[in-house]
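Engineer: sharing a model prediction with you, sequence too.
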Amino acid sequence: MRSNGRTARKLKKIAWRFKQPDWADNHGVMLPVRHPLVSPGIAREIYLGDYEAKEIEIISRRLATDDVVFEVGAGLGYLSAYCAKRTGSDKVFTYEANPELIPLIRETHARNAVAPTLTNALLAQGEGEREFRIEADFWASSAHRDGGRAIIVKQVDLNSELARIRPSFMIVDIEGGEAEFFAAADLSMVRKICVETHPDVLGDRVLSEMFAGLVGKGFALDFSLIRKNVFFFHRPA
């Protein structure tokens with residue numbers, strides 16, 4: 001029986017009704033299931049292997065062992081842990097604006113015996129502070145959505161970080177902040193981009209302009225890896 005086959009999935013769904021583990025394996029990464037910041041819906045996705053499945057499919061196919069990864073929007077620390085297992089922790093740099101997630105991200109990294117460089121800050125143009133809104137579901141927290149609990153977070157200059165780290169692979173999931181982010185970013189050293197878009201926040205026109213901007217900077221959309229609202233851009237050889 002295949003570990004990710006239909007029969008195995010049905011058995012896991014049945015098992016979920018009776019007992020939920022504290023941690024579950026997703027593509028070789030252990031993720032928290034029973035935690036105050038993990039909602040029942042996200043916990044079930046993690047247990048069944050569905051959590052951020054679109055991103056992990058793209059990254060698993062396009063990440064090279066020599067890539068330097070620059071992730072914006074760390075979430076639970078899943079993608080940064082996965083990348084660190086592939087490339088080594090010293091090549092992974094991850095940023096999360098929500099201070100409440102930082103201890104859990106560190107716990108995820110420790111559980112997986114990796115230690116990417118984690119920075120609690122919002123990346124944008126210029127240094128300073130920025131309003132950020134915390135939602136009950138951590139994944140919906142954003143500087144670009146209405147609602148939630150407003151806090152002030154540290155803002156770090158995006159291009160200063162890019163110049164310092166010189167990443168080759170960029171992963172971006174910032175709940176509606178992606179258009180502002182890419183408009184400001186110096187991507188001259190970046191070769192690959194995995195981005196989750198949020199048309200419910202930005203709308204088709206703004207996202208179309210963002211895509212045009214990336215193409216104008218020398219990137220091509222990989223049409224073989226379009227996964228709903230998650231896209232992969234690369235610099236053609």
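Structural biologist: Okay, I see it.

Engineer: at which residues are the strands of the protein located?
Structural biologist: Assigned by DSSP state E, the chain shows strands spanning 23-26, 29-32, 69-72, 92-96, 117-120, 122-124, 128-134, 149-157, 169-172, 192-196, 220-221, 230-234.

Engineer: nearest spatial neighbour of G148, skipping sequence neighbours?
Structural biologist: Residue nearest to G148 in three dimensions, not counting chain neighbours: R133, with 3.6 Å by CB to CB, 6 or more residues apart in numbering. In this view, the C-beta of every residue, glycine as well, is placed from N, C-alpha and C.

Engineer: again with Y47
Structural biologist: According to CB to CB, 6+ apart, the nearest residue to Y47 is A24 (4.8 Å).

Engineer: what residues are bridge-paired with the residue nearest to G148?
Structural biologist: Using DSSP bridges, the beta-bridge partners of R133 come out as S142, A150.

Engineer: how many other residues sit next to the residue nearest to Y47?
Structural biologist: Burial of A24 is recorded as 22 neighbouring residues (other CB atoms under 10 Å).

Engineer: beta-bridge partners for it, please?
Structural biologist: Applying DSSP bridges to A24, the residues it is bridged with are L31.

Engineer: how much space between it and L207?
Structural biologist: Taking CB to CB, to the nearest Å as the measure, A24 and L207 are separated by 33 Å.

Engineer: with T119 instead?
Structural biologist: Using CB to CB, which is the criterion applied here, T119 is 27 Å from L207.

Engineer: returning to what we had before: make a markdown table from the strands of the chain and add mean pLDDT to it.
Structural biologist: Conversion of those to a markdown table gives the following (pLDDT from 0 to 100):
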| stretch | mean pLDDT |
| --- | --- |
| strand 23-26 | 94 |
| strand 29-32 | 97 |
| strand 69-72 | 98 |
| strand 92-96 | 98 |
| strand 117-120 | 98 |
| strand 122-124 | 96 |
| strand 128-134 | 94 |
| strand 149-157 | 96 |
| strand 169-172 | 98 |
| strand 192-196 | 98 |
| strand 220-221 | 98 |
| strand 230-234 | 98 |
